[in-house]
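Asker: please find the sequence and the predicted model below.
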Amino acid sequence: MPETHGVLPGTRRPVPAGARRVRDIDPNAHIEVTVTLKAPALPMPGETQAEALTPAELARQYGAPLDNIRKVEETLRSYGLHIEGVGPTRRTLRVSGTASAMEAAFKAGVAIYQSAAQGEFRGREGSVSIPAEISDMVESVVGLDQRKVAQRKAGAQGHSAATPLGPSDLEAHYNFPPGSGAHQKIAIAEFGAPLQSGSFLPPAFLPDDVAAFCKSQGRPVPTVTTVPVNLAPLTLDQLKSLPAQTANDVLDETGEVMMDVEIVATLCSAADISVYYATFDQKGWLDLVERVTADQPVALSVSYGLAEDSPEWEPAALQSINQALQAAALAGITVCVSSGDDGTNCDMPDSRAHVEFPGCSPFVLSVGGTMLAGAGAMQEVVWWQSPGRRNGNGHSGATGGGVSTIFARPPWQNIAITSINGGAIQGRVIPDVAALAGPPLYQLILLGQSSPNGGTSASAPLWASLLARLNAALPAAKQQRFLPPILYQNGPSGATVGEAGCPDIVSGNNASHPKPGKGYQAQNGYDAVTGWGVPNGKNLLAALQ
């Protein structure tokens, strides 16, 4: 067996935040990882208006060389690991084995850690190493470390002075084209902790609440399928059997899940709706995006993220997830990602402005947030509630937005927005668009009771629903297209598609206080707070023809 290993670049990780190492891992513990393979570079979506590639076409044109795949498989088997399968685009391998076999193959120093926020979990410090004979064939190895990199907390819960908006209100306010999403696939991403991780458990899925909300709004009850990627949702009975405090924690997460599902279910009651559940670590992100790409929906709604420059991200894994999103975009999937609910702070401790990943990826539609203000709550402005970030009272928060410090500005994003961080690159600017996130919130049901909610976690599924309605109404040649590059191109009227299809939001900012104490300002035209603006569905449909 070969003994020579080399450090895999970009895999160094610090001690998990707020955690301490408590013991060695059981050498017989079962571990599953996903290995990202070096493969041909993917083209930038939007460079041409070619038809969306199927997963099989992606694998054939951009998958890793078969000889390399066989070599990696053979080498990992020599360490006692088992090959579970090749990813749908032939750019990853799923691998399993004992902790001792994983340590022999990757020399990662995996151990058991504990934190107040996550309980006990598998983690590591330092870098991953790779057998020298396959070092030029592997990009990253994710799954050895289970630390949380998918965060989602309620940003605008509670009751508003105004009546929360139901699906009919949203359709009227945003001028949705008629229809109910017939013959369209919509995916929803949800993340949670594995059952053995202490007090935190997967969020539940409550079909009775979906049915009750649809019926209360006079909408048909759609078929909603849950898809366990590497995690299955809890049932209501399982939720009720938990200790009281744990049940409350899980219910908070479940309320966010049900918000996603109820928004999509009532706006697209005839669509094929699938809810994908994965673990909230890096492996969960990568596996979920790949699984969704294989199913090729028109849109994927994602209401999770973490500051792109958080030390919890492993740089190599961040790039692997970004490449998976790039493949999804080439498959014509518009991944709608919330821009965040903490303004420019993004839950980071320093005084610089931040943006969240994957919302800042060039391969997603980044969705910011607005609120209704003024007399009669009729003026739509940037969502900002003091202090411009979430402080736990359910009545605070602000839309994320700004300029990436990691991802270059894609060639199709031909706008002039400068980072407010001194010395920063002029990177990808987010959001692309926006929708309601703050007051008066969204009308919803949880455990049979009215439960208004919001945040950019609500803006993302609204946009995913609109895209399904638009796709159904477009001619076949214009369907299944990655939307962001198109928004920045000139449409039939001569204006950009974003300008023609999205009423501008010109009032407000997303500064978080006390840190960083600065933000981006809404302005005429595109800005780094609400992008092109909020949707006018029928106008956007005309601009996309």
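Answerer: In hand now; what should we look at? The structure displayed is predicted, hence computed values, not measured ones. Numbers count the residues shown, from 1 in each chain.
Asker: now D260: how far from E314?
Answerer: 27 Å (CB to CB, to the nearest Å). Quick note: C-beta positions are derived from backbone N, CA and C, even for glycine.
Asker: does anything pack onto whichever strand or helix holds L467? Which helices or strands?
Answerer: Here L467 sits within helix 456-473, counting by DSSP states H and E. Applying 3 or more CB pairs under 8 Å, 6 or more residues apart in numbering; DSSP states H and E, we find helix 456-473 packed against strand 185-192, helix 244-267, strand 299-302, strand 334-338, strand 365-373, strand 433-436, helix 537-544.
Asker: among the ones you listed, which is nearest G394?
Answerer: Of all the helices and strands packed on helix 456-473, it is helix 244-267 that lies closest to G394, at 10.6 Å by CB to CB.
Asker: pLDDT score assigned to A116?
Answerer: In this model, A116 is scored at 89, pLDDT.
Asker: and if you look at I505?
Answerer: In this model, I505 carries a pLDDT of 98.
Asker: and it, how far from S512?
Answerer: For I505 relative to S512 (CB to CB), the value is 19 Å.
Asker: and for V433?
Answerer: In terms of CB to CB, V433 sits 21 Å off from S512.
Asker: one more: D432?
Answerer: When D432 is compared with S512 (using CB to CB), they lie 21 Å apart.
Asker: same question, D341
Answerer: From D341 to S512 the distance is 10 Å (CB to CB).
Asker: overlap in contacts of those two?
Answerer: 389, 398 (CB atoms under 8 Å, 6 or more residues apart in numbering).
Asker: what packs against the helix or strand following the helix holding L467?
Answerer: Going down the chain from helix 456-473, the next helix or strand is helix 484-487, by DSSP H and E. Under the contact criterion of 3+ CB pairs under 8 Å, 6+ apart, helix 484-487 touches helix 497-501.
Asker: what residues does the helix it packs on touch?
Answerer: 432-433, 486-493, 525-526, 531-533, 535-536, 539-544.
Asker: what is the mean pLDDT for the helix holding L467?
Answerer: Here the average pLDDT along helix 456-473 is 98.
Asker: in that helix, what counts as buried?
Answerer: 456-473 (16 or more other CB atoms under 10 Å).
Asker: which residues are contacting the helix or strand hosting A56?
Answerer: Using DSSP H and E, A56 maps to helix 55-62. The contact list for helix 55-62 (CB under 8 Å, 6+ apart) reads 39-42, 53, 88-91, 293-294, 296, 327, 330-331.
Asker: can you do 10 Å?
Answerer: 39-43, 51-54, 63, 86-91, 290, 293-296, 323, 326-328, 330-331 (CB atoms under 10 Å, 6 or more residues apart in numbering).
Asker: can you get me a residue count around the nearest residue to K478 once chain neighbours are set aside?
Answerer: Of all residues not flanking K478 in the chain, L544 sits nearest, at 6.2 Å (CB to CB, 6 or more residues apart in numbering). The number of residues packed near L544 is 22, by other CB atoms under 10 Å.
Asker: for E256, see how far away L544 is.
Answerer: 30 Å.
Asker: how is this structure partitioned into domains?
Answerer: Here the domain parsing of the chain from automatic domain parsing is 5-142, 167-544.
Asker: got TSV for the ones you listed, with distance to V149 too?
Answerer: Below are the domains of the chain laid out as TSV (distance: least, CB to CB, whole Å):
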stretch	distance to V149
domain 5-142	10
domain 167-544	5
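Asker: most packed of these?
Answerer: Sort these by mean neighbour count, taking mean count of other CB atoms under 10 Å, and domain 167-544 sits at the top with a mean of 22.
Asker: what about that domain, how long is it end to end?
Answerer: 24 Å (CA to CA, to the nearest Å).
Asker: can you pull out the low-pLDDT segments for this structure?
Answerer: 1-3, 47-49, 153-161, 195-200, 375-377 (pLDDT under 70).
Asker: now do the contacts for the spatially most central residue of it.
Answerer: With distances taken as CA atoms, centre = their mean, V302 lies nearest the centre of the chain, 3.6 Å away. Counting by CB under 10 Å, 6+ apart, V302 touches 150, 152, 187-191, 260, 276, 285, 288-289, 292, 325, 335-338, 358-359, 364-365, 367, 457, 460-461, 464.
Asker: go again with 7 Å.
Answerer: 189, 335-338, 358, 460 (CB atoms under 7 Å, 6 or more residues apart in numbering).
Asker: tell me the one among the residues you listed nearest to Q480.
Answerer: Distances from Q480 to the contacts of V302, taken by CB to CB, are shortest for V335, at 13.4 Å.
Asker: that closest one contacts L325, correct?
Answerer: Yes: using CB atoms under 7 Å, V335 makes contact with L325 at a distance of 6.0 Å.
Asker: list the residues that contact both of the two?
Answerer: By CB under 7 Å, 6+ apart, V335 and L325 have these common neighbours: V364.
Asker: bridged to the residue nearest to the centre of the chain, which residues?
Answerer: A189, V337 (DSSP bridges).
Asker: where exactly do the helices run in this protein?
Answerer: 55-62, 66-77, 99-106, 167-173, 207-216, 236-240, 244-267, 282-295, 315-330, 456-473, 484-487, 497-501, 537-544 (DSSP state H).
Asker: JSON lines for these, including distance to G388?
Answerer: JSON lines is the format used below for the helices of the chain (distance: least, CB to CB, whole Å):
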{"stretch": "helix 55-62", "distance to G388": "40"}
{"stretch": "helix 66-77", "distance to G388": "47"}
{"stretch": "helix 99-106", "distance to G388": "42"}
{"stretch": "helix 167-173", "distance to G388": "25"}
{"stretch": "helix 207-216", "distance to G388": "31"}
{"stretch": "helix 236-240", "distance to G388": "33"}
{"stretch": "helix 244-267", "distance to G388": "21"}
{"stretch": "helix 282-295", "distance to G388": "27"}
{"stretch": "helix 315-330", "distance to G388": "26"}
{"stretch": "helix 456-473", "distance to G388": "14"}
{"stretch": "helix 484-487", "distance to G388": "26"}
{"stretch": "helix 497-501", "distance to G388": "25"}
{"stretch": "helix 537-544", "distance to G388": "29"}
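Asker: indicate which one of these is closest to N345.
Answerer: helix 456-473 (14.0 Å).
Asker: just the angle for that closest one relative to strand 185-192, thanks.
Answerer: 160 degrees (axes from the mean of the first three to the mean of the last three CA atoms, to 10 degrees).
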